[in-house]
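Enquirer: model this:
(chains A and B)
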Amino acid sequence: QKEVEQDPGPLSVPEGAIVSLNCTYSNSAFQYFMWYRQYSRKGPELLMYTYSSGNKEDGRFTAQVDKSSKYISLFIRDSQPSDSATYLCACSPGGTSYGKLTFGQGTILTVHP
Amino acid sequence: NAGVTQTPKFRVLKTGQSMTLLCAQDMNHEYMYWYRQDPGMGLRLIHYSVGEGTTAKGEVPDGYNVSRLKKQNFLLGLESAAPSQTSVYFCASRTDRDPGLAGGPIYNEQFFGPGTRLTVL
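Expert: Here you go, the predicted structure:
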């Protein structure tokens, strides 16, 4: 079983919909929780990160972490066709781990006009 | 700044052939990483380096070798390519600054290159 599990989708929604992307993890040592966005045939780019439990908001995007249930979420409000991409969750223990990340499988999202 | 660059962008190999993938970064980062991305598997760490002259194994190191002779470059080698190594390979780099053992809210992101698409026939 992978340390970080993510539903690969694919997920297809109409423009303007609220999108919910989720991951679960098993390693209690994880302290940093990231969401990377990857457009087709490009490298991943960091979208948001959260340290420990809690919420973080950036424009239309909200990241949530619940360490008690080992659950990570990304919400996209008023989704746009430009949000169509693969979204990857990633976790890191921080500290002396040399920045190593453990990724989920990625969810392919398509927002259609 | 070019960021992280990878060469080549595409390559087709026959089983048993060898090749080297080159990653270069101009951000003076200490840490560098090689990943492979396969459908339904996400990104998996092959090898990483925490500084010039150092390398370490990641999650899926078998069949690959790496070298970090210069700080800005991280090479990934396939000595005898196999069809199972057909994948998209990504390089990433990151600063070595960390909040330390106590942790903290600041996260230093990994910057990724554009990828190399490798097919082994």
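
Enquirer: just the pLDDT for the closest residue to residue B:21 other than its chain neighbours.
Expert: Leaving aside its sequence neighbours, residue B:21 sits nearest to residue B:76 (CB to CB, 6 or more residues apart in numbering or on different chains; 4.4 Å). Where you see a C-beta, it was placed from the backbone N, CA and C, and this is true even at glycine. Per-residue pLDDT puts residue B:76 at 98.

Enquirer: walk me through which strands the host helix or strand of residue B:76 pairs with, and which way each runs.
Expert: Using DSSP states H and E, residue B:76 maps to strand B:73-78. Paired strands of strand B:73-78, with direction, are strand B:19-25 (antiparallel), strand B:65-67 (antiparallel) (DSSP bridges).

Enquirer: which residues of chain A lie near chain B?
Expert: A:2, A:4, A:6, A:8, A:31-32, A:34, A:41-46, A:49, A:51-52, A:88, A:90, A:92, A:94-96, A:98-101, A:103-106 (CB under 8 Å from any CB of the partner chain).

Enquirer: now for residue B:8, how many residues are close by?
Expert: 12 (other CB atoms under 10 Å in any protein chain shown).

Enquirer: try residue A:4
Expert: 23.

Enquirer: residues touching it, list them.
Expert: Residue A:4 makes contacts with A:23, A:24, A:25, A:26, A:89, A:90, A:91, A:102, A:103, A:104, B:42, as judged by CB atoms under 8 Å, 6 or more residues apart in numbering or on different chains.

Enquirer: and the closest residue to chain B within chain A, what's its pLDDT?
Expert: Scanning chain A for the residue nearest chain B gives residue A:43, at 3.5 Å (criterion: CB to the nearest CB). Looking at residue A:43, its pLDDT is 96.

Enquirer: now do residue A:8
Expert: For residue A:8, the predicted pLDDT is 77.

Enquirer: now it: closest residue in space that isn't a chain neighbour?
Expert: Per CB to CB, 6+ apart, closest to residue A:8 is residue A:105, 4.8 Å.

Enquirer: the one you found contacts residue A:9, doesn't it?
Expert: No: contact criterion CB atoms under 8 Å: residue A:105 and residue A:9 do not qualify, at 9.4 Å.

Enquirer: so the two - more neighbours on which side?
Expert: Counting neighbours by other CB under 10 Å for residue A:105 and for residue A:9 shows that residue A:105 has the greater number, 22 against 15.
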